[in-house]
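K.L.:
what follows is a predicted structure for the sequence shown.
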Amino acid sequence: MSKIAIDFKTGQIKNTAQLVVGIDLGTTNSLIARINDGRAEIIKDFQNKPLFIPSVINVGHDGVITVGHEAIQKLITDPESTVYSIKRLMGKSLQDFSDRKEFFGYHFDESASEGLIRIRLNDRYYTPVELSSYILRHLVQEAEKALGVKIEDAVITVPAYFNDEQRQATRDAGKIAGLNVLRIVNEPTAASLAYGLGQNKTEALNIAVYDLGGGTFDVSILRIEDGVFDVLATRGDTNLGGDDFDREIIKFWKEKYQLYPENPIEQSELFFKARAAKHELSDSNNFSTTWNHHILSLSNEEYKTLSQPYIDRTLDCFRLALSDSGLHIHDIDELLLVGGSTRMPIVFDALQSFYGKTPNRSLHPDEAVALGAAIQADILAGNRKDFLLLDVNPLSLGIETLGGIMDVIIPRNSKIPIQQAREYTTSRDGQKNLKIAIYQGERDLVENNKLLAEFILEDIPPMPAGIPKIQVRFMIDADGILTVKAIEQRTQTEQSITIKSQFNISAAEVASMLQESIRFAKSDQEKKALIDSINEGKYLQLASEKFLKNNHQYLTSLQRSEISNLITYLKDALDSKIRDHIELAIEALNKYTAPIAHKALDRNIADALRNKNISEAINNETKKDG
Ligand code: ADP
Ligand code: MG
């Protein structure tokens, strides 16, 4: 039995042996990781430094784009053409930011207040998707240079609260960067994977992931059971993060020392001083520096006072997330701290007292998400056959049956891996081939669903319609690979096909297919009911015609003409394609023929017994002759 891997999105046959990466496309920092010798690691650049870059992009006056560390310098020298926190703008319109525009040093396209945000850099407008793609491309190019291999497939992470537009925007950014985005993965799920949680399939765990990054805060409650990660609840604040602490420090200094930065450069310098203070206070009690001939200082106590209200807000979110999830803090088996800002002792202490146990911060908090993304990528690439399963089947999978009806074999939201089989039969006498067309979607008619693949089961031994038993088995393994097998039970003739990346479907696609299925539910059901009636009617017509022919001598002429009339009546009804007519005709024919057929059946059994004897005799003679 040969297997082929098809990427159903592109229809191309796929080679699975290649480097796949995980990318944490962060608000503040972005990282790229891979699996090396079975372990997840941040990829090192050609200078052997981890590929951990600020999510900052500068577009020069010459149109040259710089990204990361180089671009961060431009925040001072060229702030108007330097973009940061682009992730906050993904999938958003200008209206969403009307009250916070002043926090961005760059300019927006004010004419596009209705549609998606665009950013003006020099004389051109850029979308957040485009700008994010520059970050992704930079990471990938640096990784390719360092490793000397081509990178095509990637998993990219997003916050659990990202909506469809934001996920789609992230996916698009990956596409523009030339990547094949294997999956968009929730950051808390990735963090849990990095911590090795969920790898033991037998344990069930409740995990809380507290992620305080640069621009955003979120806390997610996950349930891991049988290797499936369920996000039970997620709460957060897209405008709460390390940037707020920086701003509070700047505000504090401005008031205390009466500072008046006069231009963007001075402002940016002050910002860098504030950030330096924040970082240093994670390890020491005092900080001081100079700015424009002022000596600026900040003590840990002062900083605590500045940051406490924000920490309190994160704890409020945490309480809400717990209550959403129906769990109590004591039910949480593991509290993971993720995001650079969780390096702050005040955060750690606040969580330790809230949790009553020690939160887990054993991985670098700013690396965990990228490492987990790499693990997820590795699983999706099929490199971990024995590994956990991760997801559910997002849309129903099934095959086309007579009349174009979608017959669901694995319903949506089934946990994978899963196997499900159903028996089918032929619709014509002596039918030798059976087409198995595999579809994905929620609509009742296959024409509205997505065709994934099709194949033909050949060499079915000739039998009357309805007699062959053909088992169609759908199997989705832990890597999300679907194999469909059809077996004719008597001869064990079998045929199969494997479809890779069957979860490559985006959240937006899933959502729109579900919406459609709801919108069309009524008309779909009506169409399906009509097709069911037609199928039943046609079957009855054929069976009755056969019955009439085979039992000609046993029927009275009245019975024969009545059956013929009823068959004609049924044929007309079938031609009318009106369901009520067809149903009536089926009923009439059934009602009339059922008692006669019953008697005929007894006679056929008697004949069959006689036939058996005859054929044995013939066989004996043949033997003698041979
Ligand atoms: P994001 O997920 O938003 O990209 P990260 O997880 O990389 O962000 O976190 C970035 C934030 O972490 C920044 O605000 C940065 O100032 C902060 N940060 C990094 N290191 C420290 C530290 N040692 N102490 C306090 N904050 C830190
Ligand atoms: Mg992050």
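P.N.:
Done, it's in. These figures come from a predicted structure and were not determined experimentally. Ligands and ions are numbered 1, 2, ... in the order given.

K.L.:
assign a three-state SS to Gly198, would you?
P.N.:
Classification of Gly198 by DSSP: H, G, I helix; E, B strand; the rest coil places it in coil.

K.L.:
just so I have it, where are all the helices in the stretch 501-626 of the chain?
P.N.:
507-519, 521-550, 557-576, 579-625 (DSSP state H, counting those that start in this stretch).

K.L.:
what average pLDDT does the longest one get?
P.N.:
Translated: helix 579-625. Across helix 579-625, pLDDT averages out at 64.

K.L.:
kindly report the residues of the chain close to ligand 1.
P.N.:
Residues of the chain found near ligand 1 (CB under 6 Å from any ligand atom) are 26-29, 213-215, 241-243, 275, 278-279, 282, 339-341, 343-344, 366. Just so you know, the C-beta spots here come from the backbone N, C-alpha and C atoms, and that holds for glycine as well.

K.L.:
I'd like the mean pLDDT over stretch 538-555, please.
P.N.:
Rounded mean pLDDT across stretch 538-555 is 87.

K.L.:
which outside residues touch that stretch?
P.N.:
Around stretch 538-555, the neighbours that count as contacts under CB atoms under 8 Å, 6 or more residues apart in numbering are 427, 465-466, 560, 563-564, 566-567, 570-571, 574, 586, 589-590, 593, 596-597, 600, 603.

K.L.:
mind putting the helices of the stretch 501-626 of the chain in JSON lines, distance to Val472 and mean neighbour count included?
P.N.:
Shown next, in JSON lines, are these (distance: least, CB to CB, whole Å; neighbours: other CB atoms under 10 Å):
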{"stretch": "helix 507-519", "distance to Val472": "22", "mean neighbour count": "15"}
{"stretch": "helix 521-550", "distance to Val472": "18", "mean neighbour count": "16"}
{"stretch": "helix 557-576", "distance to Val472": "27", "mean neighbour count": "15"}
{"stretch": "helix 579-625", "distance to Val472": "27", "mean neighbour count": "12"}
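
K.L.:
and Ser506, what pLDDT?
P.N.:
58.

K.L.:
let me fix that, I meant to ask about Leu197.
P.N.:
89.

K.L.:
now it: phi and psi?
P.N.:
Leu197 adopts backbone torsions of phi -80, psi 140, taken as degrees, to the nearest 10.

K.L.:
how many neighbouring residues does Ile487 have?
P.N.:
19 (other CB atoms under 10 Å).

K.L.:
neighbouring strands - and their directions - for the helix or strand harbouring it?
P.N.:
Per DSSP states H and E, Ile487 falls inside strand 482-488. Here strand 482-488 has these sheet partners by DSSP bridges: strand 470-476 (antiparallel), strand 493-500 (antiparallel).

K.L.:
the shortest one - what's its average pLDDT?
P.N.:
Spelled out, that is strand 470-476. pLDDT averaged over strand 470-476 gives 91.

K.L.:
list the contacts for the closest residue in space to Gly174 that isn't next to it in sequence?
P.N.:
Closest residue to Gly174 apart from its sequence neighbours, by CB to CB, 6 or more residues apart in numbering: Val181 at 4.0 Å. Taking CB under 8 Å, 6+ apart, we find Val181 in contact with 154-156, 171, 174-175.

K.L.:
export these to a markdown table and tack on neighbour count?
P.N.:
Converted to a markdown table, the contacts of Val181 look like this (neighbours: other CB atoms under 10 Å):
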| residue | neighbour count |
| --- | --- |
| Ala154 | 28 |
| Val155 | 29 |
| Ile156 | 27 |
| Arg171 | 21 |
| Gly174 | 25 |
| Lys175 | 14 |
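
K.L.:
check which element follows the helix or strand where the residue nearest to Gly174 lies along the chain.
P.N.:
Per DSSP H and E: Val181 is located in strand 180-186. Moving toward the C-terminus from strand 180-186, the next helix or strand (DSSP H and E) is helix 187-194.
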